[in-house]
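Colleague: here is the input, now give the coordinates:
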Amino acid sequence: MVDTTVQPKNVMFRTDAKLLNRAREKLVRLAQLTRVRLLQSYARVGKFAQIKH
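Modeller: The predicted structure is shown next:
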């Protein structure tokens, strides 16, 4: 018999800085593809928030 209740899972929490930065990057890329002009992309802020977290 195999006990599978203690298997490691790769779960990201909604407050995870890496997940939030990845979502920001995808939204910026989508805005560029649809030619939506952004005033700020928050690239530096996202990197620093991820490092700080």
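
Colleague: the spatially closest residue to Lys52 that is not a sequence neighbour: neighbouring residues, count only.
Modeller: In space, and not counting its chain neighbours, Lys52 is closest to Ala17: 7.6 Å by CB to CB, 6 or more residues apart in numbering. C-beta coordinates here come from the backbone N, C-alpha and C atoms, glycine included. Ala17 is flanked by 15 other residues according to other CB atoms under 10 Å.

Colleague: what's the spacing between Ala17 and Tyr42?
Modeller: Distance of Ala17 to Tyr42, computed by CB to CB, to the nearest Å: 13 Å.

Colleague: same question for Lys52.
Modeller: For Lys52, the distance to Tyr42 - CB to CB - is 14 Å.

Colleague: please say which of the two ends up with more neighbours.
Modeller: Comparing Lys52 with Tyr42 by other CB under 10 Å, the one with more neighbours is Tyr42, at 15 against 7.

Colleague: the residue nearest to Lys52 touches Ala49, doesn't it?
Modeller: Yes - here Ala17 reaches Ala49: they are 5.5 Å apart, a contact under CB atoms under 8 Å.

Colleague: pLDDT weak spots in this structure?
Modeller: 1-4, 6, 12-15, 53 (pLDDT under 70).

Colleague: now the lengthiest helix in the chain: how far from the chain's centre is it?
Modeller: When the chain is parsed with DSSP state H, its longest helix is helix 17-33. Chain-centre distance of helix 17-33: 7 Å, with CA atoms, centre = their mean, to the nearest Å.

Colleague: follow-up on the earlier one: what do Ala17 and Ala49 both touch?
Modeller: Between them, Ala17 and Ala49 share no contacting residue under CB atoms under 8 Å, 6 or more residues apart in numbering.

Colleague: sorry, back to before: buried ones in the longest helix of the chain?
Modeller: Neighbour counts over helix 17-33 (16 or more other CB atoms under 10 Å) mark 20-21, 24, 28 as buried.

Colleague: thanks again, I'm all set now.
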